[in-house]
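[1] Build me a structure from this.
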Amino acid sequence: MMTKRPELLKKGDKIGIVATARKISIEEVGATIKLLVSWGLVPVIGKSIGLKKNQFAGSDNERAKDLQSFLDNKEIKAIFCARGGYGTVRIIDLLDFSLFIQNPKWIIGYSDPTVLLSHIYFNYNIETIHAIMPINITEDDFFSNAVISLKKILFEGENKNYYKKYIMNRKGKAEGELIGGNLSVLYSLLGSNSFGDTKDKILFIEDLDEYIYHIDRMMQALRRAGKLKDLKGLIVGGMTDMHDNFIRFGKAPHRIIMDTVQDYDFPVAFNIPIGHIKENNQAYVIGRKTTLTVEKFKVIIEQE
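    Numbering: from 1, shown residues only. This is a model prediction of the structure:
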């Protein structure tokens, strides 16, 4: 069954900015407001922006209510998650998607909002966008690869990228709907309806600021839960700012990942600029049919 695709944006469309997790100030989304206006869009600032309750952008109920108002509002054509951190999983079960299903709109984010992106795909078969968020955008970033790739998806729908070879890549060609996001968040969703059947899918993973042995633990958990064995392909994005213990684990993240999938024959592409890579966090559509081609000298990722 084909996924449902929200409409492409056009000038004059309203786009909401909401904080589903960690607190963020209006000043920190200022550059994004200017960016959206320059695209001809109308930013609508959620009530969660500027709220504070410990590390969160208000209470769970306040954040859920703010996101719910945007999900239900037909005039809002896209919702920008302001930042990650932690907290989206605390509100996912407070949300009612019944009106959103009738009028799908783009949900945009990465890192902690992986909860939203994955939940919406596996439960409602609606496309979402894994992409840069307002916390990462300054006025110097308006023409960065990350921002340009997001704009192209929102207004044109095209998405075809070429990447350099990497010595650990495993060659092959795969077609399937793209799923994935932050590895730590996906790990936290195991056993829930927010992370469903991965058969015939292309999975991408990325992460930030983790101990190397945590990567091994999470990959083993995905393997044991059956999330890897029936994949069509695997894309590995940024594994950024990793740490090791005093007694070293003995493997780098890429080797851990490759060893975990060594018994499977699907193509694997490493060093793809997805995730916590500020200048070049390439936007990709979760749920869209994707072709992954891993050749000797290059990698091609194309979304129809």
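[2] Please count neighbours and contacts with C-alpha atoms only from this point.
    OK.
[3] Next, find the distance separating the residue located most distally from the centre of the chain from residue 173.
    Largest separation from the mean C-alpha position in the chain: residue 247, at 32.6 Å (C-alpha atoms, centre = their mean). Noted for residue 247: a distance of 39 Å to residue 173, by C-alpha to C-alpha, to the nearest Å.
[4] Can you show me the helices along the stretch 1-150 of the chain?
    30-38, 60-72, 98-102, 114-124, 145-155 (DSSP state H, counting those that start in this stretch).
[5] Pull out the buried positions in the shortest one.
    It stands for helix 98-102. 100-101 (16 or more other C-alpha atoms under 10 Å).
[6] Stretch 192-210: end-to-end distance?
    Stretch 192-210 stretches 23 Å from its first residue to its last (C-alpha to C-alpha).
[7] any idea of the mean pLDDT in that stretch?
    For stretch 192-210, the mean per-residue pLDDT is 98.
[8] Now it: buried residues?
    Within stretch 192-210, the residues that qualify as buried are 194-196, 198-208, counting by 16+ other C-alpha under 10 Å.
[9] same question, stretch 285-297
    Counting neighbours by 16+ other C-alpha under 10 Å, one finds that the buried residues in stretch 285-297 are 285-295.
[10] nearest to residue 252, of those?
    Closest approach between the buried residues of stretch 285-297 and residue 252, by C-alpha to C-alpha: residue 294, at 21.5 Å.
[11] Need phi/psi at the closest residue to the closest one other than its chain neighbours.
    In this structure, residue 294 finds its nearest non-sequential neighbour in residue 171, 4.7 Å apart by C-alpha to C-alpha, 6 or more residues apart in numbering. When read as degrees, to the nearest 10, the backbone of residue 171 gives phi -70, psi 160.
[12] so residue 171 touches residue 300, yeah?
    No - under the criterion of C-alpha atoms under 8 Å, residue 171 makes no contact with residue 300, lying 11.3 Å away.
[13] can you count the residues close to the residue nearest to residue 294?
    Neighbouring residues of residue 171 were enumerated by other C-alpha atoms under 10 Å; the total is 19.
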